[in-house]
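K.L.:
Predicted model follows, preceded by the sequence.
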Amino acid sequence: MRPTPPRLVHSSSQIANPFGGRVGGAIGGTFAGKLGGKSGDEPDATPALAAGQSSSVLTGISAGGAMSGLSAGHSGAGALSASSTATGLATGAPAGTIGERLSLAARQRGNATAYVENDTHYDWPAVDAASDHLACGLLGLKLKRGDRIGIIGLNQIEWLLLFYAAAKIGVAVVGLSVRYRDSELASMLADSETRAVFTLTEHEGFDFIGMLDRLGSSLPALRHVIAIDGVGLDSLAALAATPLDAGRLSVARRQVLPGDVAMVIYTSGTTGRPKGAGLTHHSLLASATAQARHTRVTADDVLHMGNPLNHVGGITCAVLTHLVGGGAVVLVAEFKADLMLRLMQQVPPTIVAGVPTMLTLMLMHARIASVDLSRVRLVFSGGSNVDAVLLERLAQRMPGATLMNLYGLTETSGAIVMTPWQRSEAELMGSIGKPFEGAQLRIAGSNGQALPAGQIGELWFRGVGVVPGYIGAAAGAGFSSDGWLQTGDLGLADGNGVITLKGRQKDLYIQGGFNVYPAEIEALVNRHPKVVMAAGIGVPDPVLGEVGRLYVIPQPGSGLTEAELRHWCAERLADYKVPRQVLLRESLPMTPAGKIHKAALRDEAAAASPAPAARLKAVG
């Protein structure tokens, strides 16, 4: 259980660092001698911070170990404080870095609520000031522009303060999931050459400090392990109590450029070894700005964030979109339908968003009947192919809202395609939408040539939000020689540029010479009244080369059978598309981002072949 979260409090006075300048540090014997690391650039010029920049401080350490102090002056449920900027989008020249954008929001939005965590509301000036002090603490650890820190945490205010603090001094955050374990974290930390890790001490019984202690000898770049929820010298709270060194911070901030990497996100690994995408200040803000404009975000909007912060669905589609556009983000520590809906009861949303799995579980939960959804103006679903049944159910529950699909990747820093406001019902139910203004699309053939409208090829993108490339071992991969991002997704575009997604290139299988796209079968099967969700893959067959295998979660108590579902498909699909194999499951493996983990299903199929006859039936 994590301690009580910090409260943000405005303060005109500064407190001395109670640790005499010694902050942070390492945990465990493995890291003995690694304190401080190599000395970074420490210029001694002391220019003042920009006029209007807040000097509030994070003060003290509570008995439970959490940071205390810094309050926005709001607590509990109820109405949020809105910005005086009517449109929400920050006025004036666009800020080039994330730190500049945060400071701009702090100056323009006054005491408007930025984030809500449990019963605590945080305003923009307080977040800006708190991240200034934490940035000074990071500088005290000899971290400098170009370095990387890892964060293993939930959707919590500490995560965001670390992100903003790092961004202000040119340090990139490596987003890590609380679901990762030894081999995954060891690979990512080594590949990214992470110098410091900020982590929960434990989560759901897993000891992250112990794990990092075990991995220490294999991570020569790692110099610091700091507990987000700890106490004493080895805690984030101690680091956050660092006095503000305005001159030193100002010098560090001026060195940060829009093209610097602000975050490293490792792809979910659904198709193989994860690759570290280098998301820059520019690419993140470009994607966030495009989404904020398209979704018409205002200062009055409220979004509950269930997507994790180490994923673009959290950091860009929620946090940075509202940093740019205004409004408040309610932090949902980690997605659970009951928790999300309870928080919506406390603070009613105006925008509802999530991957299809999350939205499906929310609609199935009894608590949704008691949530006030009358203010919801927009609902969007992203992270997988269009689910027409889900969209219909969302429309029934929130009839006054506009529905949209969203498409994006880690490598596009967030969304790059969304449903237009002016669209037909068929376009909503059958397509993912059109690229944002400033984004270029190519439907590429096998040799990279552009295909005409209506032909299926690989989706390639350039422009808004597209990252410069990968870091580490994957550097140079994934892009054409002329700079197009090769997504691995198959689709087609009509004459108006509206895209129909056909699924992952790797998901395509060939049965008896016919191309079969599992996304098409999944979309149909999800319409069955007894089905919760489905996932299809191709598996080897000695006669046909490959055949379709469908994994299905049935509605509880529905009595759905494999034969019933195959017969239902046969009445609605060409014979070569009807899945030859059907497996009924109570659950399916998920990636940390909440998507069905098809790579795990393929691995399972390969290990279990031939599958037990009692569980698996084939059509002759």
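P.N.:
It's in. Residues are numbered from 1 along each chain as shown.
K.L.:
Every contact and neighbour count from this point should use C-alpha atoms.
P.N.:
Fine.
K.L.:
how close does the residue positioned nearest the centre of the chain get to N155?
P.N.:
Taking C-alpha atoms, centre = their mean, the centroid of the chain lies closest to H311, which sits 2.2 Å from it. Using C-alpha to C-alpha, to the nearest Å, one obtains 11 Å as the distance from H311 to N155.
K.L.:
Kindly report the same for S131.
P.N.:
S131 is 16 Å from N155, by C-alpha to C-alpha.
K.L.:
Can you classify A167 by secondary structure?
P.N.:
Put simply, A167 is helix when judged by DSSP: H, G, I helix; E, B strand; the rest coil.
K.L.:
Mind pulling the model confidence for it?
P.N.:
What the model reports as pLDDT for A167 is 98.
K.L.:
right, and it touches G99 too?
P.N.:
Yes. Contact criterion C-alpha atoms under 8 Å: A167 and G99 qualify, at 5.9 Å.
K.L.:
Neighbour count: these two, which is higher?
P.N.:
For the pair A167 and G99, the greater number of neighbours falls to A167 (27 against 24), based on other C-alpha atoms under 10 Å.
K.L.:
need the contact list for the more buried one.
P.N.:
Shown in contact with A167 (C-alpha atoms under 8 Å, 6 or more residues apart in numbering): 97-99, 262.
K.L.:
hmm, try it at 6 Å
P.N.:
Residues near A167 by C-alpha atoms under 6 Å, 6 or more residues apart in numbering: 99, 262.
K.L.:
How about G96: what's its closest non-neighbour residue?
P.N.:
Spatial nearest neighbour of G96, chain neighbours left out: P258 (5.3 Å); criterion: C-alpha to C-alpha, 6 or more residues apart in numbering.
K.L.:
Just give me the neighbour total for that neighbour.
P.N.:
If we define neighbours as other C-alpha under 10 Å, then P258 has 17 of them.
K.L.:
Secondary structure class of it, three-state.
P.N.:
Classified using three-state DSSP, P258 is coil.
K.L.:
So what does it look like in phi/psi?
P.N.:
With angles defined as degrees, to the nearest 10, P258 shows backbone torsions of phi -60, psi -30.
K.L.:
hang on, it packs against H281?
P.N.:
Yes. P258 is in contact with H281 according to C-alpha atoms under 6 Å; the separation is 5.0 Å.
K.L.:
which stretches of the protein aren't confidently modelled?
P.N.:
Applying pLDDT under 70 to the chain picks out residues 1-95, 268-272, 384, 513, 609-620.
K.L.:
Would you mind splitting it into its domains for me?
P.N.:
29-60+118-256, 279-504, 509-618 (automatic domain parsing).
K.L.:
Which of those sits closest to A106?
P.N.:
Comparing the domains of the chain by their distance to A106 (C-alpha to C-alpha), the top pick is domain 29-60+118-256, with 4.3 Å.
K.L.:
ok now that closest one, how far from the chain's centre?
P.N.:
Between the centre of domain 29-60+118-256 and the centre of its chain there are 19 Å (C-alpha atoms, centre = their mean, to the nearest Å).
K.L.:
Number of residues surrounding F335?
P.N.:
F335: 18 neighbours (other C-alpha under 10 Å).
K.L.:
Doesn't it lie inside a helix?
P.N.:
No. Per three-state DSSP, F335 lies outside any helix segment and is coil.
K.L.:
Distance of it relative to E546?
P.N.:
When F335 is compared with E546 (using C-alpha to C-alpha), they lie 36 Å apart.
K.L.:
repeat for K434
P.N.:
33 Å.
K.L.:
try E604
P.N.:
E604 is 16 Å from E546, by C-alpha to C-alpha.
K.L.:
More neighbours: those two, which one.
P.N.:
Remark: of E604 and E546, E546 carries more neighbours, 20 against 12, as counted by other C-alpha under 10 Å.
K.L.:
quick one, what contacts the more buried one?
P.N.:
Residues in contact with E546, defined by C-alpha under 6 Å, 6+ apart, are 510-511, 538-540.
K.L.:
rerun at 7 Å
P.N.:
509-511, 538-540 (C-alpha atoms under 7 Å, 6 or more residues apart in numbering).
K.L.:
Please apply the same query to V417.
P.N.:
With C-alpha under 7 Å, 6+ apart, V417 has these contacts: 406-408, 432-436.
K.L.:
Next SSE downstream of the helix or strand hosting it?
P.N.:
Here V417, judged by DSSP states H and E, is contained in strand 414-418. Downstream of strand 414-418, the first helix or strand assigned by DSSP H and E is helix 425-430.
K.L.:
would you list the domains of the chain in JSON lines and tack on distance to A112?
P.N.:
Written out in JSON lines, the entries for the domains of the chain read as follows (distance: least, C-alpha to C-alpha, whole Å):
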{"stretch": "domain 29-60+118-256", "distance to A112": "5"}
{"stretch": "domain 279-504", "distance to A112": "8"}
{"stretch": "domain 509-618", "distance to A112": "30"}
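K.L.:
Where is the longest helix in this protein?
P.N.:
helix 124-140 (DSSP state H).
K.L.:
for it, packing partners?
P.N.:
On a contact count with 3 or more C-alpha pairs under 7 Å, 6 or more residues apart in numbering; DSSP states H and E, helix 124-140 meets helix 98-109, helix 157-168, helix 236-240.
K.L.:
change it to 6 Å
P.N.:
For helix 124-140, the packing partners by 3 or more C-alpha pairs under 6 Å, 6 or more residues apart in numbering; DSSP states H and E come out as helix 157-168, helix 236-240.
K.L.:
For that helix, C-alpha coordinates in CSV please.
P.N.:
Taking C-alpha atoms only, helix 124-140 is exported to CSV below (Å, rounded to 0.1, in the frame of the first residue of the first chain):
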residue,chain,number,x,y,z
TRP,A,124,-0.3,24.2,-12.6
PRO,A,125,1.9,26.7,-10.7
ALA,A,126,2.4,24.2,-7.9
VAL,A,127,3.4,21.4,-10.2
ASP,A,128,5.8,23.7,-12.0
ALA,A,129,7.4,24.8,-8.8
ALA,A,130,7.6,21.3,-7.3
SER,A,131,9.3,20.0,-10.5
ASP,A,132,11.8,22.9,-10.2
HIS,A,133,13.0,21.7,-6.8
LEU,A,134,13.1,18.1,-8.0
ALA,A,135,15.1,19.2,-11.0
CYS,A,136,17.6,20.7,-8.7
GLY,A,137,17.7,17.4,-6.8
LEU,A,138,18.4,15.6,-10.1
LEU,A,139,21.2,18.0,-10.8
GLY,A,140,22.6,17.2,-7.4
